[in-house]
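Undergrad: coordinates only, no sequence provided:
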């Protein structure tokens, strides 16, 4: 199983891309860096699973459907929590900010260009060769974490999160999960901002890792804020030496 990190950061600056993970040619988790990372290959994307509706996780949906519309033969399927779907429809794809593509039919097939699907927390389903389980993260808006498996092995992606016992409960009981992808957004001295915005610092993640009862798990970190990159990297290396920091374009083989 190959997971490609199309966007690894918690904000845009220069060439840095925001959260976007590719799990197959046509399936992504989040949409923070589709156009720059995939280019023409964005035409192949038919499924996007959203963690939540914050801008850095949805920003490329409007641009991608606009670019790919004339080539599409299949709808773009967007999955997420009910409140995430409502936010995308009410505030972005609403005819005021961007066309509401779920009411526009494709030229090449007659299907609607976009379909929305609501996901219920703590449910499992099979799609496109993947077994997926979703559960609630701990963030400022309803946010889904994803366990994604293929052929009996997989990864857990927390999305944006703060302290969340469910993560460690799932990891401790499910040995088929080989990789954890989570986040650290702010240096530890910015703990007040991290707590109110419900993001990890190196200190809070280190404290949470005490609940992990396994030593066979690969752990990756993303969502570093661009205005704190160097001090974050330095602190993570010092306090979480076995954890790997992800960059745009990195691949994880499971």
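TA: Received the coordinates, thanks. Nothing here was measured: the structure is a model prediction, and the numbers come from that model.
Undergrad: please count neighbours and contacts with C-alpha atoms only from this point.
TA: Fine.
Undergrad: strands of this structure, start to end?
TA: Here the chain has its strands, by DSSP state E, at 2-7, 20-24, 27-29, 47-49, 76-80, 114-118, 123-127, 130-136, 144-150, 153-157, 177-183, 218-222, 244-245, 251-253.
Undergrad: and the second one, what's buried?
TA: By neighbour count with 16 or more other CA atoms under 10 Å, strand 20-24 contains the buried residues 20, 21, 22, 23, 24.
Undergrad: could you give the mean pLDDT of the lengthiest helix in the chain?
TA: Longest among the helix segments of the chain by residue count, using DSSP state H, is helix 229-239. Confidence for helix 229-239, expressed as mean pLDDT, is 97.
Undergrad: what is that helix packed up against?
TA: helix 202-208 (3 or more CA pairs under 8 Å, 6 or more residues apart in numbering; DSSP states H and E).
Undergrad: other residues contacting the helix it packs on?
TA: Outside of helix 202-208, the residues within contact range by CA atoms under 8 Å, 6 or more residues apart in numbering are 163, 184, 186, 187, 188, 232, 235, 236, 239, 240.
Undergrad: need the contact list for the residue lying closest to the second one once chain neighbours are set aside.
TA: It refers to residue 184. Nearest non-adjacent residue to residue 184, counting by CA to CA, 6 or more residues apart in numbering: residue 200, 4.7 Å away. Contacts for residue 200 (CA under 8 Å, 6+ apart) come out as 161, 162, 163, 183, 184, 185, 186, 194.
Undergrad: nearest to residue 38 among the residues you listed?
TA: Within the contacts of residue 200, the smallest distance to residue 38 is 23.0 Å, found for residue 183 (CA to CA).
Undergrad: identify the bridge partners of the closest one.
TA: For residue 183, the beta-bridge partners under DSSP bridges are residue 222.
Undergrad: so it touches residue 221, yeah?
TA: Yes - using CA atoms under 8 Å, residue 183 makes contact with residue 221 at a distance of 5.0 Å.
Undergrad: quick one: which of these two has more around it?
TA: Between residue 183 and residue 221, residue 183 has the larger neighbour count (other CA atoms under 10 Å), namely 27 against 21.
Undergrad: tell me the contacts of the more buried one?
TA: Residue 183 touches 158, 159, 160, 161, 199, 200, 221, 222, 223, 224, counting by CA under 8 Å, 6+ apart.
Undergrad: likewise residue 26?
TA: For residue 26, the contact set (CA under 8 Å, 6+ apart) comprises 44, 45, 46, 47.
Undergrad: which of the residues you listed sits closest to residue 120?
TA: Distances from residue 120 to these, taken by CA to CA, are shortest for residue 47, at 17.1 Å.
Undergrad: how near is the closest one to residue 75?
TA: 9 Å (CA to CA, to the nearest Å).
Undergrad: can you give me the helices for the stretch 51-200 of the chain?
TA: 55-58, 61-68, 82-87, 165-173, 191-197 (DSSP state H, counting those that start in this stretch).
Undergrad: deepest of those, which one?
TA: helix 55-58 (a mean of 22; mean count of other CA atoms under 10 Å).
Undergrad: which strands or helices does that helix pack on?
TA: Against helix 55-58 (3+ CA pairs under 8 Å, 6+ apart) you get no helix or strand.
Undergrad: distance of residue 13 from residue 228?
TA: Distance, residue 13 to residue 228, by CA to CA: 11 Å.
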